[in-house]
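Visitor: Okay, here's the prediction I keep looking at, along with the sequence it came from:
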Amino acid sequence: MIRRLVPASLLFALGSAQAEVYRCIQADGVVRYTDQGCGSLEGSRPLASADAVEQLLQTAANGLGQWVQPLLGGAAPGTLLLAVYLLMSLVCFVAYWRDKRFAVAGAERTPESRLHLYELLGGWPGGLLAQRLIRHKNRKVAYQVKFWLIVAVHLGGLGYWLFH
């Protein structure tokens with residue numbers, strides 16, 4: 001089960017290395033995680049070995065599978081797809097709204113790559129709605145080109161799934 005949730009390269013790294021992860025607190029209070037130790041910062045404190053991380057991932061995957069399976073049991077693929085689109089659209093709309101709010105306030109913005117990721121994961125209807133309702137990210141040509149390519153990929157995939 002864990003092999004479906006974690007990339008093979010990560011499993012290989014976890015299985016073949018005995019690396020430790022260190023939590024380093026810098027003088028300005030920033031917390032940094034590294035596998036090389038903290039150096040001159042606060043003493044190196046290992047958080048977990050690779051074996052512990054692998055066990056944690058395995059436990060999480062088993063628990064997630066037991067929790068999700070009854071929810072998905074007997075659901076049609078179209079229903080699941082619709083649920084994913086609705087959930088990701090909500091996430092994407094909120095991300096657009098938050099980014100617009102932070103842009104107006106002059107605060108740190110949400111990276112465009114993250115917004116595109118939400119769209120790619122099925123949130124493009126929410127992104128389109130946010131572009132129209134709150135008028136955010138609707139003028140930048142480079143952004144719009146990527147957005148409409150994502151929409152085309154999704155519509156092409158849906159068309160193939162429906163008519164193949």
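Guide: Received it, and whenever you're ready, just let me know what you need.

Visitor: List the buried residues of the strand or helix carrying W97.
Guide: In this structure, W97 sits in helix 77-105 according to DSSP states H and E. For helix 77-105, the neighbour count (16 or more other CB atoms under 10 Å) marks 85, 88-89, 91-93, 95-96, 99-100 as buried. Backbone N, C-alpha and C define where each C-beta goes, glycine included.

Visitor: would you list those residues in TSV and tack on pLDDT and distance to R109?
Guide: Below are those laid out as TSV (pLDDT from 0 to 100; distance: CB to CB, whole Å):
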residue	pLDDT	distance to R109
Y85	93	25
M88	94	20
S89	95	21
V91	95	17
C92	94	15
F93	95	16
A95	94	11
Y96	94	11
D99	93	6
K100	92	9
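
Visitor: Show me where the protein has its strands.
Guide: With DSSP state E as the criterion, the chain has strands at 20-25, 31-34, 46-49.

Visitor: looking at it, N138 is touching A130, isn't it?
Guide: No - between N138 and A130 no contact is recorded; they are 9.0 Å apart, counting by CB atoms under 8 Å.

Visitor: show me where pLDDT drops low in this structure?
Guide: Low-confidence segments of the chain, defined by pLDDT under 70, span residues 1-21, 39-57, 60-74.

Visitor: Pull the number of nearby residues for G126.
Guide: Around G126 sit 24 other residues, with neighbours defined as other CB atoms under 10 Å.

Visitor: how about it, what does it touch?
Guide: With contacts defined as CB atoms under 8 Å, 6 or more residues apart in numbering, G126 is in contact with 88-93, 96, 118.

Visitor: and which of those residues is nearest to G106?
Guide: When the contacts of G126 are compared for distance to G106, the smallest value, 17.5 Å, is given by Y96; criterion: CB to CB.

Visitor: was I right about the closest one contacting L115?
Guide: Yes - proximity of Y96 to L115 meets the contact threshold set by CB under 8 Å, at 6.8 Å.

Visitor: so what are the domain limits for this structure?
Guide: For the chain, whose domains are defined here by automatic domain parsing, the residue ranges read 2-72, 77-163.

Visitor: how far does the last one stretch from start to finish?
Guide: With CA to CA, to the nearest Å as the measure, the first residue of domain 77-163 is 15 Å from its last.
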